[in-house]
Every structure is written in structure tokens, then in C-alpha cells.
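Asks: predicted model and sequence follow; I will ask about them next.
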Amino acid sequence: MDSETSLAPPRAFARPGGWSAAAGTALAVGNFDGVHLGHAAIVRRLRAVADRRGVPAAVLTFDPHPASIVRPAAAPVPLTTPERRAELLLALGLDAVLVQPVDAGFVALEAEAFYRDVLRGRLRAVALVEGADFRFGAGRRGDVRLLGALAAADGVSLEVVPAVRAGEAAVSSSRVRALVAAGDVAAANRLLTAPWRASGTVVHGAHRGATLGFPTANLAGIATLLPAAGVYAARALVGAAGAAYPAAVHVGANATFGETAVSVEAHLVGFAGDLYGRRLEIDFLDRLRDTRRFDSTEELVERMRADVARAAEIAAADGQRAAVPAGTRSEHAT
């Protein structure tokens, strides 16, 4: 196969003004799912290398995760959409984020062909920065030792960034994923560069919340991992400008009303308006409690009132993480 001509080109997310690989690129490659502190360390080194070489700094990431092609039953549920991943990475100071479409042909590329045709041929890499556990090519045969040999023979520099540790373990996407799946979003957020986010489209539900005095936005079409069933303190972002509202979010089945289907419902504190059909982004901040069945509507309303008050307190106190700048969201084709 002539991979250089048959592979789909990546989507490019770039800062306003665009970017060009014509003069060469300082490049890092990986899934970068979640964009955690280890990823941030790679981006910092990449930015420094790019500035030293006078070339743009870019990351090449993948959609879908290559594991979804080679072992779909064991593929991880993503923490971030490609668009969110690009926002977070650009906010760290990159010039471009390149999202490579992944199919059977792409994952079949041998390591040497991936280096030659993609990194050097298409993206004109003149400098590479990778984590110590980086693997590439068919069967994940390539590692930083092989990449270093290929790069050295080609006059390309390679810097390897050691893993960032938090506590006794390295920060990784799988570690973050396990924490989110367990509902410990506060611990997950301490490993991330921004609060963990889920987004979906607001659809009509049973409209019970409004009758109870707590109208909720019911989210559908969530493409990323959901946290464990529970009630969460969160921040809801509405509209293109991302107006933020404290929110209490229920994830799971509404056991009080005999339901078994999992739903995601957010009560936005202080919001008035119609959200149906609109995209809503939810930054999860902390877990308030388990889901449970209440014996009466009155007991449920009392608990909801306490949940909403606590969620508002947590959202108000959360000022440690900056929002992604709106100016990082432009896109152009390569």
C-alpha cells in the first residue's frame, strides 16, 4: 500500500492565523486522552524545543483510539472528544493539534513506515518529544529506542520526557479513567489540566424536575465515559460563550420513580431559559452522594434542596482551574 497517498489526512485544530509545517514541525504523538499532567509535561518540553528550533509545536493524536480497531472489545471508553482534546492541548500553548483518522489501514502501518510517511513525509517533523512509554506502528512494535534510532539516522532530534508521578503511581489516562468510573471525579481532576467534562444535547425527559421545583436538563448523545451513578457538584457551560452556572447533576436511574434506564440530568442554579436541542457541557467537580430510592416525594425534594445548595458552594469555591480560552477553538483543514 502507498500509505503516503492512501491515508486520510488529519484534521487540524490551530490557533487563529493557522499553522504550516512547511519549515518543519516539533511534534509529539499519542492519544493524549483526558489531557493530564503527564501530557502537560510533554507539551511544555515540546514548546521549548519548538521555540529553540523556530518551528511550530504540534501534537498528532488519533480518532478513534487505535485499540478500537485492533481489539474493540477491550478498547477504553474515551475521556475526551477529539474537539475537547484539541481545546485543552491548544490551551497549553501548542500551535496545532492534528487528529488523525484511524482505520485498519492506518493501524497496519509498520513502525518504520509510520515514521517515514507520516512523521517525516506528511508532517515534516524536525524534532520529536515523547513520553518514555510511547509505542507506535503495527502491533505497537515501535518504542522510543526504535524511534530514537530512526530519528538519529535522519538528523531529527528526540527528547524523552519521564512519567509524571502523583503519589506512588504515574499519572496516566487509564488511572484517570478508573477514578472517573468509580465516581471520584475530584481525585481525577487533580491529575488533569482542567476539570473532567461530559457534553451532550439537551432532550425532553419526564419533566418531573420542574414539577418538583428543580427543572433539569436531560443530556443525550454523550460520547465519553460516564462517572459512577451518583449526584455530583458541577459547572454547566451554556452557549458558544460558555456562560457558567453551578449545577447539581444526577447520573443513574431514577429509583424513586421505578426507572432502570441510566440518565444524566443537570439542574443549573440561577439559569432561566430553554435549553432543548442545545449542546451542554458539564464540568464535574465532586461527588456529593450515592443515588438512592426515597420513600416520599417530600423526602426527595428535601434532599435535592440540600444537594443543590452544596453543589453551588463547591462550584463557587472552585477557582483553581482556568477555563479553556475561547480563542483556541478555530479549525482549518490540512
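Replies: Done, it's in. Model, not experiment: these values are computed from the prediction.
Asks: buried ones in stretch 85-101, by neighbour count?
Replies: Buried residues in stretch 85-101, counted by 16 or more other CB atoms under 10 Å: 85-100. All C-beta atoms are positioned from the backbone trio N, CA, C, and that covers glycine.
Asks: contacting residues around that stretch?
Replies: 8, 10-15, 19, 32-33, 35, 39-40, 43-44, 46-47, 50, 56-63, 80, 82, 106, 118, 123, 193-194, 322, 324-325, 328-329, 334 (CB atoms under 8 Å, 6 or more residues apart in numbering).
Asks: ends of that stretch, what's the gap?
Replies: Using CA to CA, to the nearest Å, the end-to-end distance of stretch 85-101 comes to 14 Å.
Asks: got the end-to-end distance for stretch 27-44?
Replies: 12 Å.
Asks: in that stretch, what's buried?
Replies: Under 16+ other CB under 10 Å, the buried positions of stretch 27-44 are 27-43.
Asks: in helices only, show me those residues.
Replies: Mapping these onto helices (DSSP state H) picks out Leu37, Gly38, His39, Ala40, Ala41, Ile42, Val43.
Asks: show me which of those is closest to Ser157.
Replies: Ile42 (14.6 Å; CB to CB).
Asks: how close does that closest one get to Val29?
Replies: 10 Å (CB to CB, to the nearest Å).
Asks: repeat for Ala228
Replies: 32 Å.
Asks: ok, Ser296 next?
Replies: 56 Å.
Asks: let me see the mean pLDDT of stretch 22-36.
Replies: Here stretch 22-36 scores 97 as its mean pLDDT.
Asks: okay, how far is it across it, tip to tip?
Replies: 30 Å.
Asks: chain center to that stretch: distance?
Replies: Relative to the centre of its chain, stretch 22-36 is centred 14 Å away, using CA atoms, centre = their mean, to the nearest Å.
Asks: same check, this time on stretch 36-55
Replies: Distance of stretch 36-55 from the chain centroid (CA atoms, centre = their mean) equals 19 Å.
Asks: endpoints of stretch 50-69, how far apart?
Replies: 32 Å.
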